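Colleague: Build the 3D model from these lines:
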Amino acid sequence: MENFKSKKPTYLIISSKKGFSLVEILITIVITSIILAALSSLHIQSDLAFRQTKKFADVKEITKLSLAQMEWLFQRWGTSTPCNDPTGNNLCTPIRDCKVANQFLYPPPSSLCLTRNEGAPCDEIFFYANLYGNGFVDRLTSATTVAMMSCRLSQASGENCYHLKRGGPFRRDTNDNSNVLIFSISGLSSNSLDCINIASGQNSNGTMNRQVMAINGFELDTNNQPTQILNLEGGDLLMRVPHRVRLFCQNNPNDNNKRYLYMQAFDMSNDCNNDETPEPLVPVNSFKIQQEGQGIRVKITVRSQDDGTMTVERFFGR
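Modeller: Reported below is the predicted structural model:
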């Protein structure tokens, strides 16, 4: 007799729960659309605020950089620059035009001379500045060597051209008092020494040969004979021959021909002739200069890469 296994009954379960109605679906779509629209608007506003903040931050940073460059240049305005006054009867410090009879002459009529060619939207200016090193003789260490406080002095080729002051005046040619002598140095212990971080109480950071050579004229020796050799004494000041600096605006081919402030520099020593070709400093919309007393007021509108702008004014005096 066959054994039959009992089978579990099969039940058909029918849910009484209904699906979403068309009205409910439409309401859900509307609510979702409102939420997505709000989120999209918030994202757009946040992105716009971020872009505006970034644009302002970028142009602010570029403006700070441009002002730092201006300050660096105008701090050196007139330093190590003699004037064409061999008699000493004329003041060399008033601001005058650098040109004489529409020509640049060296030495200029004033250490603080300034030539401005007015233009729109940018002025062009010329002035003289020491862009390299200087130093002074602290003491004699032997009959042939001296201890120096060197602030980036260098005897490298193209840089070894210095004016010399002793007791105030620039040393001038014996046969032509209008010619300010230029000297070369030798035996410098190290080029481009930093005088800022020198140890406290120290008055020197290097040594060099006591003898310097005039490369564009003559001195008188102890026998009143012309010579190109001068022996340094304590307190003598060596200053790199200055450059005539030119600031002007020009389209930059490396940035879609947008307007930039450029700098160019002409070495006033033919023996070094270390000219600097025009280099872009900062993107600008305008650059204007106005003399005020013994200084100048610079008004510059700086532009960032995304065309944000900031206009600032700064006074530089000597």
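
Colleague: going forward, measure contacts and count neighbours with C-alpha atoms only.
Modeller: Will do.

Colleague: how many other residues sit next to the nearest residue to S190 once chain neighbours are set aside?
Modeller: In space, and not counting its chain neighbours, S190 is closest to G206: 7.0 Å by CA to CA, 6 or more residues apart in numbering. G206 has 20 neighbours, counted by other CA atoms under 10 Å.

Colleague: okay but I289 is in contact with I296, surely?
Modeller: Yes - counting by CA atoms under 8 Å, I289 does reach I296; the two are 6.7 Å apart.

Colleague: got a list of contacts for stretch 130-141?
Modeller: Contact with stretch 130-141 is made by 73, 76-81, 146-154, 192, 203-204, 210, 232-243, as judged by CA atoms under 8 Å, 6 or more residues apart in numbering.

Colleague: Could you look up the SS state of I34?
Modeller: Here I34 is recorded as helix under DSSP: H, G, I helix; E, B strand; the rest coil.

Colleague: per-residue confidence for it?
Modeller: pLDDT recorded at I34 is 80.

Colleague: rewinding a little: check the contacts of stretch 130-141 for burial and list the buried ones.
Modeller: Buried positions within those, assessed by neighbour count (16 or more other CA atoms under 10 Å), are 73, 76-81, 146-154, 192, 203-204, 210, 232-233, 236-243.

Colleague: Let's see which of these end up in helices.
Modeller: L73 (DSSP state H).

Colleague: so of the buried ones among the contacts of stretch 130-141, which ones are in strands?
Modeller: 146-151, 237-240, 243 (DSSP state E).

Colleague: Determine the three-state secondary structure at the most centrally placed residue in the chain.
Modeller: In the chain, the residue lying closest to the centroid (CA atoms, centre = their mean) is Q69, at 3.2 Å. Here Q69 is recorded as helix under three-state DSSP.

Colleague: picking up where we left off before, what does the residue nearest to S190 show for phi and psi?
Modeller: Here is the backbone geometry of G206 (degrees, to the nearest 10): phi -170, psi 170.

Colleague: does it have beta-bridge partners, and which?
Modeller: On DSSP bridges, the residues paired with G206 through beta bridges are M148.

Colleague: Model confidence score at it, please.
Modeller: We have a pLDDT of 93 for G206.

Colleague: and if you look at Q225?
Modeller: The per-residue pLDDT reported for Q225 equals 86.

Colleague: and what of K55?
Modeller: According to the predicted model, the pLDDT of K55 comes to 64.

Colleague: And for D176?
Modeller: Looking at D176, its pLDDT stands at 88.

Colleague: What degree of burial does it show, as a neighbour count?
Modeller: Residues near D176, counting by other CA under 10 Å, number 12.

Colleague: pretty sure S66 belongs to a helix, no?
Modeller: Yes - assessed with three-state DSSP, S66 lies in a helix.
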